[in-house]
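[1] whatever this is, show me its structure:
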Amino acid sequence: MFVRKIVTGVAIGAAVLLSTTGCSITSNIASLQQYSPSDGFSLDYGTVKFRNFFYVVIGDQRHLIGSVVNSGQDAQTVTLQYSDAATGEKVNYELTVDAGKKLDFGFNENAALDFNLLGVAGGTTSFYVLQDGTPAKQFVVPVLDGTLDTYQDIVDDLGK
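    Have a look, this model is predicted:
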C-alpha cells in the first residue's frame, strides 16, 4: 500500500512537471525569431529592401518616411501604389534604385514622400509595392503624429 502511494505521487508529480514545462518544448520562442529592430515596417521584395517605413501625420501634413535599398547587381524600378485619402483614386509612385544604392525619404536631408494615405496616429495605414513580373505585396506601416521626442529631428526636418 505504501509503495502504491509513492508510485502514484511520483506519477502525479511527473505529470504536473511535464504539463507545466512542456509548453516551451514546441512553442514559438520570440527571442529566436528574426526581426527588424526599428519602429517602422520593413519588407524584402526581391533585391529591393524597404526599411523602417512609417507615416507621420501632423495637421494637414502627411509624410511617408523610410529607406529603399537595392542589394542587386542591376537597377530596380518599383511602384508604390496607394488609394488617395481625399479622392479614393489609385495613385502610382514609381521609383528607381540603382544597383547597390539606398534611397532615403524624410531623413538624411532628403524629402519625405507626400502621400495622402488614410490613417490616424496610433493606428496603421497601407499601400502596395509592385514590380513587373512579381506579385504585389501589401505594406502596412504605423502612423505617428510627431509628439514623441524620439522623432523630433525628423519632424523638424519635415517643415523645411
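
[2] tell me how far Lys49 lies from Ile58.
    27 Å (CB to CB, to the nearest Å). No exception for glycine: its C-beta is placed from N, CA and C like everyone else's.

[3] the two: who's more crowded?
    Taking other CB atoms under 10 Å, Lys49 and Ile58 do not tie; Lys49 has more neighbours (18 against 15).

[4] show the pLDDT at the spatially most central residue of the chain.
    Most central in the chain under CA atoms, centre = their mean is Phe41, positioned 1.7 Å from the mean C-alpha point. Here the pLDDT value assigned to Phe41 is 82.

[5] and what of the one 5 residues further on?
    The score at Gly46 is 85. That number is its pLDDT.

[6] ok, and the closest non-adjacent residue to it?
    Counting by CB to CB, 6 or more residues apart in numbering, Thr134 is the residue found nearest to Gly46 once chain neighbours are left out, at 6.3 Å.

[7] and Ala75, what does it touch?
    Going by CB atoms under 8 Å, 6 or more residues apart in numbering, Ala75 touches 96-99.

[8] scan those residues and report the most crowded one.
    Going by other CB under 10 Å, Val97 tops these with 21 neighbours.

[9] can you list the domains in the chain?
    Domains of the chain are assigned by automatic domain parsing as 2-27, 41-158.

[10] need the winner for burial among those domains.
    Highest mean neighbour count of the domains of the chain: domain 41-158, a mean of 15 (counted as mean count of other CB atoms under 10 Å).

[11] since that was my last question, I'll sign off now.
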